[in-house]
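Participant: Could you look at this predicted model? Sequence included:
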Amino acid sequence: MRRFPAAAWTIVTLLAGATNAVAADYTIDLTHSHILFMVDHLGFAKMVGLFTNFGGKFSFDPENIPGSKLIVTIRTDSLQTQFTARDKDLKGADWFDVAEFPEMNFVGTEFVRKDDHTGTITGKLTLHGTTKPVTLAVILNKVGQNPFDKQNSVGFSARGSLKRSDFGIRAFLGSIGDDVDFIIEIEAKQKS
């Protein structure tokens, strides 16, 4: 997950500045957010997985992008790949070791705006007991009022990757890819 997950996850909103956004705190809306990952399997195809239990919060001020804050936590035992036997294996000691490391965390440390809708967030990802920097490319999709619940909301897309071996996950290297790509789609609600 040199360029993922993580999480990352609530990141794009921290880069906004184009719209009529104001300084605010947000929480992730799990019903409209997704964290997916992909890893090469024997060179034939990419195995796709996702995490279904995660949460986070962030603060965003369009007048002070570098002062933004972001914290995301993902429950590793929420991993799913649509194949029960593989899920059990990936949650085991050779891979995510969810008993020993039940969570992974991403804390944003640097927020860079490229233009009104794109930028990067670099942060510290803690996975499998190891903390390393990860940078995410983010796109601000929209800031505005949700027409259904009338809550101020924000949405973004983030992409990244990482090397799993950097985090001590080395099972079947050579057969199963070291590079893990991730796709993050986040919708968040402004706190009252």
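Facilitator: Received the coordinates, thanks.

Participant: helices or strands next to the strand or helix carrying residue 48 in the packing?
Facilitator: Using DSSP states H and E, residue 48 sits within strand 45-51. Strand 45-51 is packed against strand 34-41, strand 79-80, with contacts defined by 3 or more CB pairs under 8 Å, 6 or more residues apart in numbering; DSSP states H and E. Yep, even glycine has a C-beta here, placed from its N, CA and C like the rest.

Participant: Nearest to residue 143 among those strands would be which one?
Facilitator: Between residue 143 and these, the shortest gap by CB to CB is with strand 34-41, which sits at 19.3 Å.

Participant: average pLDDT across that closest one?
Facilitator: When pLDDT is averaged over strand 34-41, the result is 98.

Participant: which strands and helices sit next to it?
Facilitator: Short answer (3+ CB pairs under 8 Å, 6+ apart): strand 34-41 packs on strand 45-51, strand 176-190.

Participant: Tell me the strands beside that strand, with direction?
Facilitator: strand 45-51 (antiparallel), strand 176-190 (antiparallel) (DSSP bridges).

Participant: Ranking these by mean neighbour count, which comes first?
Facilitator: Ranked by mean neighbour count, the strands paired with strand 34-41 are led by strand 176-190 with a mean of 21 (mean count of other CB atoms under 10 Å).

Participant: Now do it: distance to the chain's middle.
Facilitator: Mean-position distance between strand 176-190 and its chain equals 4 Å (CA atoms, centre = their mean, to the nearest Å).

Participant: Any regions of this protein where pLDDT drops low?
Facilitator: The model of the chain has pLDDT under 70 over residues 1-22.

Participant: related to what we said a few turns ago, tell me which of the helices and strands packed on strand 34-41 lies nearest to residue 34.
Facilitator: strand 176-190 (4.8 Å).

Participant: picking up where we left off before, switch the helices and strands packed on strand 45-51 over to JSON lines; also include distance to residue 175.
Facilitator: Shown next, in JSON lines, are these (distance: least, CB to CB, whole Å):
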{"stretch": "strand 34-41", "distance to residue 175": "8"}
{"stretch": "strand 79-80", "distance to residue 175": "19"}
